[in-house]
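Asker: Need coordinates for the following:
(one chain, ligands or ions: 2)
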Amino acid sequence: MRFGCQAALAAAIIRRYLPGERRRHPTHFDGMAFVTVVLGLDAPGSCTGGFYVQPQSSRASRLFVPLAAGDAAVHRYDLRHGVHVKSGSRYSLVMWIKPSQESVIDGSLPWYQPASDAGDADAQHNFAKLLKSGQPGQGPSSTCDVKRSLQLYALAAAQGHAEAQRALGQMYFKGCSGLSAPDAATASMWWRRAAKFGDAHAQKLLAGLLRWGLGGTDVDVEEADFWDRRAMEQESSDDEANPEASVRAAKCSRREVEPIQKTIVECARREPPQHEQLKLASVDQPEPDMDALFGPAD
Ligand SMILES: O=C(O)CCC(=O)C(=O)O
Ligand SMILES: [Fe+2]
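Answerer: Ligands and ions are numbered 1, 2, ... in the order given. The predicted model follows:
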C-alpha cells in the first residue's frame, strides 16, 4: 500500500521432487501469474540441478539457479523456466502474484491484452495458449476463443517465438473448426522454424511428419533422422511430452505440508547473520564458467 502497489497473492503451491518420483517440471512460462516467487526450502546441497531459467527454447541456454532455504527467485510471465532435479530431493514454495485483488477474485489476466497489443511475443504466446483451451472457473479469460488464439500465436510465431511456432503448427496440422482445414505443409513449415530454434518437441513432431509422410507430405527419412537425433541430444523425456500430468504429480500431500510450513516460518524469522552463513556455504560450490555461459567479458 505504501508504494501504491496493488499486488495480490493468487495461489501458493508447495512442490516436491523426490527420488523415485517425478524429477522434472518441464520448461514452461507461468501463464496465470504476472509475477512468480519461487522460494527454496532445502538445506544447501540437498539436490543437484533444481530450478533453472532458459532464455531461449534450446536447452543449451539453460542456467541453473541454486535456491537454498530462504533464497527466492522472482520472475515475470515472460521467463522460460523449469525444474530438473538430477540427484537428491527438493521442495519449493511457488507463489503466483497478480496485479490486483480484483484480478484474483474475478480470475482475469489484465496484463496480457496491453502487452500483446504492444507486441510482446511472450504475452501473445501465453494469452493464445489460455484462449485456446479456456481456463475453467477463471472468470473472463475462461472463454475459449480459438480464432483469437490462432491470431495471437501467428503474431508471436512471426516474431520467432519457438513455442508459438510449434503450437501454430499443431493447429494447422489438426485443422481448426471453421478456420482452417488440416494443412500438413503449413504445419511442417512452422515446426521446421521452431526446430531450427532448438525446440525439442517441434523437432520430434517434424521428424514424425517426415518419417511417415503424414498429411500427404513427402517422406524424407534422412531429414527425419536428423531431427530425431537433434531432439535426442536434448534428452527429451516423457515428462516433456506431457507437462500437465507431471505438474499434477508434483503437488505435496497434506502430511508433508506441516514440516514445510515450519521451514518457511524459520526462514522468515532467521536473523541476517545466520542467513549470510547459508549464503557463504553455497559459495563453496564450484564457480560456473561465465565465459562459457555468456561469452568472454568485454
Ligand atoms: O518447483 C519450482 O521450483 C518451480 C515450479 C514452477 O515453475 C511452477 O510451479 O510454475
Ligand atoms: Fe513455473
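Asker: Only C-alpha atoms from now on, for both contacts and neighbour counts.
Answerer: OK.
Asker: how close does the residue lying closest to Val221 once chain neighbours are set aside sit to Asp225?
Answerer: Sequence neighbours aside, Arg211 is the residue nearest to Val221 in space, at 5.1 Å (criterion: Cα to Cα, 6 or more residues apart in numbering). Distance, Arg211 to Asp225, using Cα to Cα, to the nearest Å: 8 Å.
Asker: With neighbour numbers in mind, choose between those two.
Answerer: Taking neighbours as other Cα atoms under 10 Å, Arg211 and Asp225 compare with Arg211 leading, 19 against 16.
Asker: Which positions in the stretch 1-150 of the chain make contact with ligand 1?
Answerer: Taking Cα under 6 Å from any ligand atom as the contact definition, the stretch 1-150 of the chain meets ligand 1 at 15, 30, 38, 51, 82-83, 92, 94.
Asker: ranges for the helices of this protein?
Answerer: 101-106, 112-117, 121-133, 146-158, 162-174, 184-196, 200-212, 221-233, 238-241, 243-249, 254-269, 272-283, 290-294 (DSSP state H).
Asker: Identify the contacts common to Arg211 and Asp225.
Answerer: Common neighbours of Arg211 and Asp225, using Cα atoms under 8 Å, 6 or more residues apart in numbering, do not exist here.
Asker: Now do the same contact list for Gly162.
Answerer: One correction, residue 162 is Ala, not Gly. With Cα under 8 Å, 6+ apart, Ala162 has these contacts: 57, 193-195, 197, 199.
Asker: what about 6 Å?
Answerer: By Cα atoms under 6 Å, 6 or more residues apart in numbering, the contact list for Ala162 reads Ala194.
Asker: Please apply the same query to Ala164.
Answerer: Ala164 makes contact with 125, 153, 156-157, according to Cα under 6 Å, 6+ apart.
Asker: what do you get if the cut-off is 8 Å, keeping everything else the same?
Answerer: Contacts for Ala164 (Cα under 8 Å, 6+ apart) come out as 125, 153-154, 156-157.
Asker: what do you get for Ser103?
Answerer: So Ser103 contacts 109-110 (Cα under 8 Å, 6+ apart).
Asker: Now intersect the residues of the stretch 1-150 of the chain next to ligand 1 with the strands, please.
Answerer: Members of these lying in strands (criterion: DSSP state E): 15, 38, 51, 82-83, 92, 94.
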